[in-house]
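Q: I need the structure of the sequence given here:
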Amino acid sequence: MPSIDVCYSPELLHLYDLKGKAVVAVDILRATSTMVTAFANGVADIIPVMKLEECLVYAEQGCLTAAERDGVKAEGFDLGNSPFAYMSESIKGRTIAITTTNGTRAIRMSEAAEEIVVGSFLNLQTVAEHLAELQLDVLVVCAGWKGKFNLEDTLYAGALAERLQSQFEFENDATLASLYLYHAAKSDMVSFLRQSSHVQRLENLEIHKDIEFCLQHNVFNVLPVWKHDRLVDLNAKHSLV
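A: Purely as a prediction, here's the structure:
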């Protein structure tokens, strides 16, 4: 039976052997939720990068550029990190290069894995079904906040563990702790997360609607995976549930 484990921060990835594993990269508020939303609205592919300067280079190649630092859209880029900015006909068929404070880092630092899947509550069931079919050991890589633990990504890990627990072994206590936290939170996740550091940070930026949107379960049937140098949607022709 394959296993599921949880890495609470990309800074802890050196403790894990990624070879032969499926990584689920998750940054609930908001990078991976935004990427899932972009694919659901017809973007062709997404190139996650770690630095602002690297992202700007892609503009010269005709790509849309998206950048966020500390929760705010970076100056000089086409898009920020709100999922609502990606609900537009203007992104359909386009390539987006994106860099965020935490999420794109989690993806790029996981490149040694057999497969990288982008996870969010918005496509939770689709990711769970894909992992069940793959039958690889799974590591959920939480983006956290600047290398530190955060609650919302951990809740996602617990939600995924709940859906896979009959088919996957729990590798260690991180998975069990994530599951217990999700059980405590799932009846009202918005309220549960209200005191969390990143929710407070985002609410100070007056983007409460982003938070509520990103905590919705199973809105889209999209499956972003890493192929060569970018993310593509394996369910591209069937993006809406």
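
Q: the helix or strand of the chain with the lowest mean pLDDT: what's the following helix or strand?
A: Of all helical and strand segments in the chain, the minimum by mean pLDDT, DSSP states H and E falls on helix 197-203, at a mean of 76. Counting by DSSP states H and E, the next helix or strand C-terminal to helix 197-203 is helix 208-214.

Q: extract the CA atoms of that next one and return them as PDB.
A: What follows is helix 208-214, C-alpha atoms only, in PDB (Å, rounded to 0.1, in the frame of the first residue of the first chain):
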ATOM      1  CA  HIS A 208     -11.800  38.500   2.400                       C
ATOM      2  CA  LYS A 209     -13.700  37.300  -0.700                       C
ATOM      3  CA  ASP A 210     -10.500  35.600  -1.900                       C
ATOM      4  CA  ILE A 211     -10.200  33.700   1.300                       C
ATOM      5  CA  GLU A 212     -13.800  32.500   1.200                       C
ATOM      6  CA  PHE A 213     -13.400  31.500  -2.500                       C
ATOM      7  CA  CYS A 214     -10.200  29.500  -1.900                       C
END
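
Q: re earlier: who's in contact with the least confident helix or strand of the chain?
A: 29-30, 71, 145, 150-152, 193-194, 208, 210-211 (C-beta atoms under 8 Å, 6 or more residues apart in numbering). For glycine as for every other residue, the C-beta is placed from the backbone atoms N, C-alpha and C.

Q: could you tell me how far that helix lies from the centre of the chain?
A: Averaging C-alpha positions (C-alpha atoms, centre = their mean, to the nearest Å) puts helix 197-203 17 Å from its chain's average.

Q: same check on stretch 97-108?
A: Distance, centroid of stretch 97-108 to centroid of chain: 9 Å (C-alpha atoms, centre = their mean).

Q: same thing with stretch 85-94?
A: Centroid displacement of stretch 85-94 relative to its chain, using C-alpha atoms, centre = their mean, is 19 Å.

Q: can you tell me the element residue 46 falls in?
A: Secondary structure from DSSP H and E places residue 46 in strand 45-48.

Q: quick check, nearest of the contacts of helix 197-203 to residue 45?
A: The closest of the contacts of helix 197-203 to residue 45 turns out to be residue 30 (C-beta to C-beta; 19.3 Å).

Q: hmm, the closest one is touching residue 212, no?
A: No - counting by C-beta atoms under 8 Å, residue 30 does not reach residue 212; the two are 11.6 Å apart.

Q: out of these two, which sits in the busier spot?
A: Each of residue 30 and residue 212 has its neighbours counted (other C-beta atoms under 10 Å); residue 30 has more, 27 against 11.

Q: quick one, phi psi at the closest residue in space to that one that isn't next to it in sequence?
A: Spatial nearest neighbour of residue 30, chain neighbours left out: residue 81 (5.1 Å); criterion: C-beta to C-beta, 6 or more residues apart in numbering. Residue 81 adopts backbone torsions of phi -130, psi 20, taken as degrees, to the nearest 10.
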